[in-house]
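Asks: task: produce atomic coordinates for the following.
(one chain, ligands or ions: 2)
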Amino acid sequence: MAGVSKVDFDWEKEVKEFDERKTGVKGLVDAGVTEIPRLFMHPQEVIDRYPTAKGAAVELPVIDLTGAESGGARRREVVEAIGKAAREWGFFCIINHGVPLVTINAMLESIKRFHELPDEDKESLYTYERSKLVKWNSNLPVEEGDPACWRDVLNLHYTNDHLDPHEIPSACRKETVEYVKYMIEVRELMAELFSEALGLPSDHLSKMECMKNLAISCLYYPACPEPHKTLGAPKHSDIFCLTLLIQDSLGGLQMLHGNQWVDVPPVPGALIANFGDLMQLFSNGEFISVEHRVVSQLAGPRISVATFSTPNIRIMGKPFGPIKELVTKDKPAVYRDFMFEEYFKYYKTKAASVESALEYYRIN
Ligand code: OGA
Ligand code: NI
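Replies: Ligands and ions are numbered 1, 2, ... in the order given. Here you go, the predicted structure:
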């Protein structure tokens, strides 16, 4: 690849060697590395750019869904609390959501089991091909010179809420099928609550089909011998509408709030919800897509599962923009319409170097 290299080592060669092994970051740890390869080193000034908030000074809003499904006073309370969290935080913790604790724990366990399969049993699924519905890799960066992250990921892609169970690796098939049933239920309820919190009819977001496909990232963050030099996930915003996350007890997820990194601590059985850029766009800037990252740790592996609600393929070919009903004389469109594919390219190549990819589409 041409261009001025951002680093003083042969990035392309290191990427190629790492990629050809097809054993991921876990493979490095298994091989006993005590120093992380240069490819994984993030500039210190990037890692330290914002301070980390100390202690429990900042606490994520907790949304208790008890009684949210029925009409009446409780529903209104929940909608109000979600609307406030969505506008002020973009991140919140959901409890009493109906997903059994055993289902969550079994899912996390099964993802660990998949990543810890013998290398030869996972090799055939190792690829970066975008069209593959089921694959695993290490999320290598696309731009020459950019650092890689200390994690591996199994990606599962559901179309119209469907993925043939036989495509799912047997190590986590049963657990995934069970978990996804619940994810669909929670997403449907969230779509109603978000619609109401935006002042729209309950079925507005559901009818838009903007949360109809599911992309599931089953993440494995191996123990890292030099955690201060790398990251499990760089500072990023999610690109789609809604992310529902479960994580094990290790922690490491941080969100940017008030120019500080705030820990998103593990709460057994809870779901962490956050909005992606598309929801910020559709809501005309009302619901915020907040940047977050995952720090590396000496301890590991850490397991998390992120379920992204993404637009149905049928609407992907049309331009996306703020929901018309939310654009008024008092609140004109904050963003211009764009094609998702164009945004995706911009996000993939530019997101690391700009504050928010969505800013590029702001009108003023
Ligand atoms: C993501 C993400 C956080 C985590 O996959 O986009 O932010 O805790 N994951 O794994
Ligand atoms: Ni994310």
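
Asks: now do the same for Ile313: its pLDDT.
Replies: Per-residue pLDDT puts Ile313 at 84.

Asks: helix or strand: which one has Arg76?
Replies: helix 73-88 (DSSP states H and E).

Asks: which is the next helix or strand following that helix?
Replies: strand 91-95.

Asks: let's see that following strand as CSV, backbone CA atoms only.
Replies: The C-alpha trace of strand 91-95 is given here as CSV (Å, rounded to 0.1, in the frame of the first residue of the first chain):
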residue,chain,number,x,y,z
PHE,A,91,-25.5,4.7,27.8
PHE,A,92,-27.6,3.0,30.4
CYS,A,93,-27.9,-0.2,32.4
ILE,A,94,-31.1,-2.3,32.1
ILE,A,95,-32.3,-4.6,34.8
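
Asks: and it, what does it pack onto?
Replies: strand 62-64, helix 73-88, strand 271-275 (3 or more Cβ pairs under 8 Å, 6 or more residues apart in numbering; DSSP states H and E). (Each C-beta comes from the backbone N, C-alpha and C, glycine too.)

Asks: winner for burial among these?
Replies: strand 271-275 (a mean of 25; mean count of other Cβ atoms under 10 Å).

Asks: show the average pLDDT along that one.
Replies: Mean predicted confidence for strand 271-275 is 98.

Asks: which pLDDT value belongs to the closest residue to Thr23 other than its chain neighbours?
Replies: Spatial nearest neighbour of Thr23, chain neighbours left out: Asp119 (5.0 Å); criterion: Cβ to Cβ, 6 or more residues apart in numbering. If you check Asp119, the pLDDT there is 96.

Asks: Ala351 too?
Replies: Looking at Ala351, its pLDDT stands at 62.

Asks: which elements pack onto the helix or strand where Ile184 lies?
Replies: Using DSSP H and E, Ile184 sits within helix 173-197. Here helix 173-197 is seen to pack against helix 73-88, helix 101-115, helix 204-208, strand 213-221, strand 242-247, strand 302-310 when contacts are counted using 3+ Cβ pairs under 8 Å, 6+ apart.

Asks: pairing partners for the last one, with directions?
Replies: Looking back up the chat, that one is strand 302-310. Paired strands of strand 302-310, with direction, are strand 213-221 (antiparallel), strand 242-247 (antiparallel) (DSSP bridges).

Asks: mean neighbour count added to those, as TSV?
Replies: Below are those laid out as TSV (neighbours: other Cβ atoms under 10 Å):
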stretch	mean neighbour count
strand 213-221	23
strand 242-247	24
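
Asks: in CSV: these, plus mean pLDDT and distance to ligand 1.
Replies: Shown next, in CSV, are the strands paired with strand 302-310 (pLDDT from 0 to 100; distance: least, Cβ to the nearest ligand atom, whole Å):
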stretch, mean pLDDT, distance to ligand 1
strand 213-221, 97, 5
strand 242-247, 98, 5
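
Asks: in JSON lines: the ones you listed, plus distance to Leu278.
Replies: Shown next, in JSON lines, are those (distance: least, Cβ to Cβ, whole Å):
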{"stretch": "strand 213-221", "distance to Leu278": "12"}
{"stretch": "strand 242-247", "distance to Leu278": "9"}
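
Asks: for Lys122, which non-adjacent residue is closest in space?
Replies: Trp136 (6.3 Å).

Asks: quick check: the one you found is in a strand.
Replies: Yes: if the criterion is DSSP: H, G, I helix; E, B strand; the rest coil, then Trp136 is within a strand.

Asks: and the pLDDT at the spatially closest residue to Gly269 that is not a sequence neighbour?
Replies: Spatial nearest neighbour of Gly269, chain neighbours left out: Leu101 (4.2 Å); criterion: Cβ to Cβ, 6+ apart. On pLDDT, Leu101 comes in at 98.

Asks: so what's the gap between the helix holding Ile184 and the chain middle?
Replies: 15 Å (Cα atoms, centre = their mean, to the nearest Å).

Asks: give me the mean pLDDT for that helix.
Replies: 97.

Asks: sort out which residues of that helix are buried, please.
Replies: 175-176, 178-180, 182-183, 186-197 (16 or more other Cβ atoms under 10 Å).

Asks: follow-up on the earlier one: now render the helices and strands packed on helix 173-197 as JSON lines, adding distance to Met255.
Replies: JSON lines is the format used below for the helices and strands packed on helix 173-197 (distance: least, Cβ to Cβ, whole Å):
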{"stretch": "helix 73-88", "distance to Met255": "12"}
{"stretch": "helix 101-115", "distance to Met255": "21"}
{"stretch": "helix 204-208", "distance to Met255": "23"}
{"stretch": "strand 213-221", "distance to Met255": "16"}
{"stretch": "strand 242-247", "distance to Met255": "11"}
{"stretch": "strand 302-310", "distance to Met255": "13"}
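
Asks: nearest to Ala333, out of these?
Replies: Judged by Cβ to Cβ, the one of the helices and strands packed on helix 173-197 that comes nearest to Ala333 is helix 204-208, at 16.4 Å.

Asks: could you check how far the residue nearest to Thr23 is from ligand 1?
Replies: 23 Å (Cβ to the nearest ligand atom, to the nearest Å).

Asks: wait, that residue sits on Lys22?
Replies: Yes: contact criterion Cβ atoms under 8 Å: Asp119 and Lys22 qualify, at 7.3 Å.

Asks: more neighbours, the two?
Replies: Lys22 (18 against 14; other Cβ atoms under 10 Å).

Asks: thanks a lot, see you next time.
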